[in-house]
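Visitor: need the 3D shape of this:
(3 chains)
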Amino acid sequence: MGRREHLLKIYHSLFERFGSQHWWPGDTPFEVIIGAILTQNTSWKNVERAIHSLKASGLFTPQGLYEIPIDTLAHLIRSSGYFNIKARRLKNFLSFLFKEYDGDIDVMFKEGGLVLRDKLLKINGLGPETVDSILLYAGGYPVFVIDAYTKRIFSRHSHISTDTDYHQIQTLFMKSLPKDPHLYNEYHALIVRVGKDLCKKRPLCSICPIEYDLHKGFKHGIK
DNA sequence: CACCAGGCAAGTA
DNA sequence: TACTTGCATGGT
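Guide: All right, here's what the predicted structure looks like:
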């Protein structure tokens, strides 16, 4: 079985088991972007509280967050942890948004995917996972998001080695799978879903839907 | 009590 | 370049 078929098979078995994950939770692309920054190394539960606080402040708009003092912003997002550094990261993004696109998210997403990705990566505080989450889940670009769960699960199941870096893993998925934002959306969300409990501790969990596929002949990871 | 959560940048050698 | 550390709340 080829890589494409195998990755699709894993996807289908995950989808069959867990169903649609309805990602990204958020009412607007703006909210998705803010959530992507706030959820860095942080549970989504704590991020929800922070977003709730931001909404309650009445300033949950690009303009509102652009204008409030950074200390006030830090206070509002307290529950998401790392609030000082995240307040700065939000400010960095908003400064970029106003400087480049007059504060208009829709205008920003008119940029080509590769161009926008490079620009976002230059913002201090936005790394590859945050940027790709923004592109896929807020902008609808066909970009596969890689995270700690993806690395852990797919290395444990021998599809990649433990030292395969972000870009290599992303390339593996994107070269193998059809360039479909909906597929990338659901696949990443399902990986997070299965990583949260099933694949959490054991090197290979017998009840993990991915393991079933593992012993069917797919042995080559990259490198 | 320890450890983790939908990372990233900065410091050190 | 390759490691290590700081950031910080809230749940288990």
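
Visitor: where does pLDDT dip in chain A?
Guide: Within chain A, the ranges that satisfy pLDDT under 70 run A:201-207, A:211-223.

Visitor: what's the burial count for residue A:183?
Guide: Other residues near residue A:183 come to 18 when the count uses other Cβ atoms under 10 Å. To be clear about C-beta, it is placed using only N, CA and C from the backbone, and glycine gets the same treatment.

Visitor: now it: which helix or strand?
Guide: Secondary structure assignment for residue A:183, by DSSP states H and E: helix A:181-196.

Visitor: could you do residue A:141 as well?
Guide: Residue A:141 belongs to no helix or strand, assigned by DSSP H and E.

Visitor: wait, it sits on residue A:135?
Guide: Yes: if you go by Cβ atoms under 8 Å, residue A:141 and residue A:135 touch, sitting 4.2 Å apart.

Visitor: buried ones in stretch A:152-169?
Guide: Judged by neighbour count using 16 or more other Cβ atoms under 10 Å, the buried positions of stretch A:152-169 are A:152, A:153, A:154, A:155, A:156, A:157, A:159, A:160, A:164, A:166, A:169.

Visitor: stretch A:12-31 too?
Guide: A:13, A:14, A:15, A:21, A:23, A:24, A:26, A:29, A:30, A:31.

Visitor: what angle do the helix or strand where the first one lies and helix A:181-196 make?
Guide: Looking back up the chat, that one is residue A:13. Following DSSP H and E, one finds residue A:13 within helix A:3-18. Per axes from the mean of the first three to the mean of the last three Cα atoms, to 10 degrees, the angle that helix A:3-18 makes with helix A:181-196 is 60 degrees.

Visitor: that concludes my questions; thank you for your assistance.
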